[in-house]
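Student: give me a 3D structure for the following:
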Amino acid sequence: MFASLSRAVRRRVLAVSVALLVVCGMLAWWLAPFGAPAPSGSVTFSTGVPSGVYQRYGKLLKQALAQDLPEVSITLTDSEGSQQNLARVASGKADFTIATADAVAQYQRERRPGFERLRGCARLYDDYVQLVVRKGSAIQKVQDLRGLKVGVGQDGSGVRLIADRVLAAAGLAPVRDIQPVSMGIDTMPRLLERGELDAFFWSGGLPTQAVQELSERFPVRLLPLDTALVDRLHDVGRSTRHYRSALIPADAYAKAQDGRPIETLAVANLLVTTAEADDDLVEGFTRTVIRSRDRIGSQVHPAQLVDLRTAVYTEPLPLHDGASRYYRSVKP
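Tutor: Coordinates of the predicted model:
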């Protein structure tokens, strides 16, 4: 019958048929679900102390995630730092966090509750150890802290972990040979300024706002931590191998450094979750961390150092399957 129609009629019939097929295809695409459903639900992100880099980074990352994962509700919680963050995620009290690689290795070495559940999403930026003293102080090396009041970070912080190790590497017993003061970066600068501390340790991205503000209103300087000290740290064991010698650039704290770089040690920060976290959710988190680097980095400088080429290296944690899926999707 179709063959008996005129050529013009056949053309019109074909044109109408094609148009109907296109319309039906578009309707099917519009009405049917497209791919996997977007991640949804509520998650808790454990950050850090007020005015610290973890907390500032967490607040800005939450804003970025709200755009990229609108069906996910994110609650931020303050913490004392890396050690407490890991305990929260491992116990299920938080879903995501940031922690230093040395704190992760220590948590694993001690086989603390839930250590085997921990997974990495991304290597973020490096923390730099900053030992701050008054500019006119006679303190010239770590050994000079003997008998003095020293801020060593809060008990559950990565700062406390690394301060104890630096002191031990310098031949000082962290409890017996100094007067340790367990405070966070939100408190230690004011105590130093008032003369209630002789020095304080901090480990964070550069520049850390609280240290920068202190250096601009009060004369302080940074004490060098040389490569020999880092070598002695490495002799302690496997959980200290994540430290590396580094330089604090001369312009990190201009007034505190008198135009000179300062020797110190650095350690990587990791974005951490658990093996049970949803693959789609972790993939989305990881994607946002990489894509929001410049936006967050304009306000929190360390975030500028997040790099897709190194983010996949989350040692000592295995990479989460969802994060692995993201990195494979962007691999050239």
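
Student: check this protein for its longest strand and report it.
Tutor: Secondary structure assigned by DSSP state E gives strand 118-134 as the longest strand of the chain.

Student: ok, and what's touching whichever helix or strand comes after that strand?
Tutor: Downstream of strand 118-134, the next assigned helix or strand under DSSP states H and E is strand 149-151. For strand 149-151, the surrounding residues in contact (Cβ atoms under 8 Å, 6 or more residues apart in numbering) are 163, 178-181, 183, 187-188, 191-192, 196-201. Yep, even glycine has a C-beta here, placed from its N, CA and C like the rest.

Student: report the buried members of those.
Tutor: Neighbour counting with 16 or more other Cβ atoms under 10 Å marks 163, 178, 180-181, 183, 187-188, 191-192, 197-201 as buried within those.

Student: check these and tell me the two furthest apart.
Tutor: I178 and T187 (17.5 Å; Cβ to Cβ).

Student: any idea where the strands of this structure begin and end?
Tutor: Using DSSP E, the strands of the chain run over residues 41-46, 72-77, 96-100, 118-134, 149-151, 179-181, 199-204, 220-222, 244-248, 262-274.

Student: next one: the longest strand of the chain to chain centre, how far?
Tutor: How far strand 118-134 lies from its chain's middle: 7 Å, per Cα atoms, centre = their mean, to the nearest Å.

Student: quick one: average pLDDT of that strand?
Tutor: What strand 118-134 shows for mean pLDDT is 97.

Student: how far off strand 262-274 does that strand point, in degrees?
Tutor: Using axes from the mean of the first three to the mean of the last three Cα atoms, to 10 degrees, the inter-axis angle of strand 118-134 relative to strand 262-274 is 150 degrees.

Student: could you export strand 118-134 as PDB, CA atoms only?
Tutor: Coordinates of each C-alpha in strand 118-134 appear next as PDB, following Å, rounded to 0.1, in the frame of the first residue of the first chain:
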ATOM      1  CA  LEU A 118      38.700   4.200  57.500                       C
ATOM      2  CA  ARG A 119      39.100   5.200  53.900                       C
ATOM      3  CA  GLY A 120      40.600   8.100  52.000                       C
ATOM      4  CA  CYS A 121      38.900  10.400  49.600                       C
ATOM      5  CA  ALA A 122      41.600  12.900  48.700                       C
ATOM      6  CA  ARG A 123      45.000  14.200  49.700                       C
ATOM      7  CA  LEU A 124      44.300  17.900  50.300                       C
ATOM      8  CA  TYR A 125      47.100  20.300  51.400                       C
ATOM      9  CA  ASP A 126      50.100  20.100  53.700                       C
ATOM     10  CA  ASP A 127      50.200  21.300  57.300                       C
ATOM     11  CA  TYR A 128      53.400  23.100  58.400                       C
ATOM     12  CA  VAL A 129      54.600  22.900  62.000                       C
ATOM     13  CA  GLN A 130      54.900  26.400  63.400                       C
ATOM     14  CA  LEU A 131      56.700  27.000  66.700                       C
ATOM     15  CA  VAL A 132      55.900  30.500  67.800                       C
ATOM     16  CA  VAL A 133      57.800  32.600  70.400                       C
ATOM     17  CA  ARG A 134      58.000  36.300  71.300                       C
END
